[in-house]
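A.B. asks: Return a 3D structure for these sequence lines:
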Amino acid sequence: MASDSGTAHPHILGFDFGKRRIGIAAGQSRTGTATALGTVANSDKPDWVALSRFVDEWKPSLFVVGLPLSEAGEETPMSAQARSFGARLADRYGIEVQYQDERLTSMDAERRFAELRAAGGARRKDAVRLDALAAKIILENWLESTGNE
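C.D. replies: Below you'll find the predicted structure:
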């Protein structure tokens, strides 16, 4: 992507797809920053009503979905589920979807959450925020990898 790509996608929503919850973060390509927003339920299907509220509020021009790969970088059954979710996002909202390798995201999110807890900024019961924090990290990694710093 060209170095001026920061203006191509002013608002981006990032997703950490999980079987029970989907973490959501918003990013700004101009600043190269991301913010954890929250989570939505996911069981048989994602909570599309809740997802639509985030899309309506942020009006993104791009979605970034975390892609869970094996340690060797190969696709897994969970990768297929994340890709299916991304395809449904694209179909439902007519917005481009890109994927970001998320192999180290969970460990990074757990480390950051532990630091927040140690500093008194989070409690164990706030662990549901881990999914939103993981989405934030996925989006930050995507912004860095595309040259939006």
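A.B. asks: From now on I want contacts and neighbour counts done on CA atoms only, so please keep to that.
C.D. replies: OK.
A.B. asks: burial measure for residue 56, as a count.
C.D. replies: 9 (other Cα atoms under 10 Å).
A.B. asks: helix or strand for it, which one?
C.D. replies: helix 48-58 (DSSP states H and E).
A.B. asks: so residue 138 sits right up against residue 16, yeah?
C.D. replies: Yes: Residue 138 lies in contact with residue 16 (Cα atoms under 8 Å); the separation is 7.4 Å.
A.B. asks: any residues in contact with both of these two?
C.D. replies: Residues touching both residue 138 and residue 16 (Cα atoms under 8 Å, 6 or more residues apart in numbering) are 65, 66.
A.B. asks: what residue ranges in this structure score low on pLDDT?
C.D. replies: 1-8, 104-117, 119-128, 148-149 (pLDDT under 70).
A.B. asks: if you set the cut-off to 80 instead, what comes out?
C.D. replies: 1-9, 104-129, 147-149 (pLDDT under 80).
A.B. asks: Helix, strand, or coil at residue 27?
C.D. replies: strand (DSSP: H, G, I helix; E, B strand; the rest coil).
A.B. asks: Quick check: it vs residue 34, distance?
C.D. replies: Computed as Cα to Cα, to the nearest Å, the residue 27 to residue 34 distance reads 4 Å.
A.B. asks: Quick one: the helices in this structure, in order.
C.D. replies: According to DSSP state H, the chain carries its helices in the segments 48-58, 77-93, 105-118, 129-145.
A.B. asks: Residue 38: which of these is closest?
C.D. replies: When those are compared by Cα to Cα, helix 129-145 sits nearest residue 38, at 5.1 Å.
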